[in-house]
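Colleague: Sequence and computational prediction follow.
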Amino acid sequence: MSCGKPDCLIHLENVWTTYEGAECPVIRDISFDIRAGEFVVIGGPNGAGKTTLLEAITGLLPIVRGSVTVCGMGVLNEATRARCSIGYVIQNFDFHPFTPYTVEEVVRMGRYGKIGWFRRETEEDVEAARDAMRTLRIDHLKDELIGKLSGGQQQKVLIAHNLAKKPSVLLLDEPYSNLDIRTRDEVSDILCRICDSGVPVMMVSHAFDSLPDRDIRVIVMQTGRLVLNTVSKPDNVANLIRSVPVAG
Ligand SMILES: Nc1ncnc2c1ncn2[C@@H]1O[C@H](COP(=O)(O)OP(=O)(O)OP(=O)(O)O)[C@@H](O)[C@H]1O
């Protein structure tokens, strides 16, 4: 069910999710709305269910109870259309050193969901990919093989791949994990600009030193439940997350 407000782009209503073979639900009874242009940090201890929450929003996991809608589309019953509007930068990617694709090819693959099976790439697709590479300042790497790049450079390529898609919402799982401090600041500026364009950015993170200078929605997960959902200034996010008592 959609939340009905025009600027509500992500809507979770009493969501319970599990993994195939898991004995009990991994996240339980989660509800929240994310509006256009919000910057959201999802925090909480290891194993709390943060990645699982992102995967539920992308429609990668079964929803045992409740509903998830993105841009008004149910992520399970309108999966193909909903996924076209979601950018998802995964955690712990690992490219084999001999992966036979260049940076430009990987970024252009971000357009495939929009191109579909029966249409050729157009100039617009190529330009969207180039624009994403320029935004991430990786255009000078376009002919390099992806597997030969550093972890931080690969991270930027994956973000560019998702930007090329021109998503309506952008989810990122620990996007700063491979980045040096200056690159974190650069990526933070880029994410801020994406938010300014109206696209909500939701990221799981354990690093709070490079958050953009804007209001941040802070969602804290603990043992599969949402225990805090509030708005904070960036310099108070770490304190807020730390202040949540650990479940006993
Ligand atoms: N593929 C899977 N199959 C079964 N259980 C899983 C699977 N992936 C994760 N889990 C379990 O789901 C729970 C939540 O995991 P999740 O990866 O969402 O935590 P997280 O908060 O993102 O942790 P971290 O901060 O360490 O990345 C954990 O108990 C984990 O063991």
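Modeller: Perfect, thanks for sending it.
Colleague: In the protein, which residue is most central in space?
Modeller: Centroid-nearest residue in the chain, with CA atoms, centre = their mean: Leu171, separated by 1.2 Å.
Colleague: ok now the lengthiest helix in the chain, how far from the chain's centre?
Modeller: If you go by DSSP state H, the chain has its longest helix at helix 181-196. Relative to the centre of its chain, helix 181-196 is centred 14 Å away, using CA atoms, centre = their mean, to the nearest Å.
Colleague: residues from the protein in reach of the ligand?
Modeller: 19, 22, 26, 44, 46-52 (CB under 6 Å from any ligand atom). For every residue, glycine as well, the C-beta is placed using N, CA and C.
Colleague: Just the buried residues of stretch 90-104, please?
Modeller: Within stretch 90-104, the residues scored as buried using 16 or more other CB atoms under 10 Å are 90, 95, 102-104.
Colleague: Go through these and name the one nearest the ligand.
Modeller: Ile90 (11.4 Å; CB to the nearest ligand atom).
Colleague: so who does that closest one touch?
Modeller: 158, 173 (CB atoms under 8 Å, 6 or more residues apart in numbering).
Colleague: From here on, call the first residue 16.
Modeller: All set: I'll call the first residue 16, so the last point we hit is now Ile105.
Colleague: Please report how far it lies from Pro182.
Modeller: In this view, Ile105 and Pro182 are 14 Å apart by CB to CB, to the nearest Å.
Colleague: next one: Met148
Modeller: 16 Å.
Colleague: any idea which helix or strand of the protein has the worst average confidence?
Modeller: helix 127-130 (a mean of 73; mean pLDDT, DSSP states H and E).
Colleague: other SSEs contacting that helix?
Modeller: helix 94-99 (3 or more CB pairs under 8 Å, 6 or more residues apart in numbering; DSSP states H and E).
Colleague: pLDDT of the helix or strand just after the longest helix of the chain, averaged?
Modeller: With elements assigned by DSSP states H and E, the helix or strand that comes after helix 196-211 is strand 216-219. Averaging pLDDT along strand 216-219 gives 97.
Colleague: in its sheet, what does the following helix or strand past strand 216-219 sit against?
Modeller: Counting by DSSP H and E, the element after strand 216-219 in chain order, helix or strand, is strand 231-237. Using DSSP bridges, strand 231-237 pairs in its sheet with strand 54-58 (parallel), strand 240-247 (antiparallel).
Colleague: Tell me which of those sits most buried.
Modeller: strand 54-58 (a mean of 23; mean count of other CB atoms under 10 Å).
Colleague: report the angle between the axes of that one and helix 196-211?
Modeller: 130 degrees (axes from the mean of the first three to the mean of the last three CA atoms, to 10 degrees).
Colleague: Would you mind writing the CA trace of the helix or strand just after strand 54-58 as PDB?
Modeller: Next helix or strand after strand 54-58 toward the C-terminus (DSSP H and E): helix 65-73. Output in PDB follows, covering the C-alpha atoms of helix 65-73 (Å, rounded to 0.1, in the frame of the first residue of the first chain):
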ATOM      1  CA  LYS A  65      20.700  -2.900   8.200                       C
ATOM      2  CA  THR A  66      21.700  -4.700   4.900                       C
ATOM      3  CA  THR A  67      18.600  -6.800   5.200                       C
ATOM      4  CA  LEU A  68      16.500  -3.700   5.400                       C
ATOM      5  CA  LEU A  69      18.100  -2.300   2.200                       C
ATOM      6  CA  GLU A  70      17.500  -5.700   0.400                       C
ATOM      7  CA  ALA A  71      13.900  -5.700   1.500                       C
ATOM      8  CA  ILE A  72      13.500  -2.200  -0.100                       C
ATOM      9  CA  THR A  73      15.100  -3.400  -3.300                       C
END
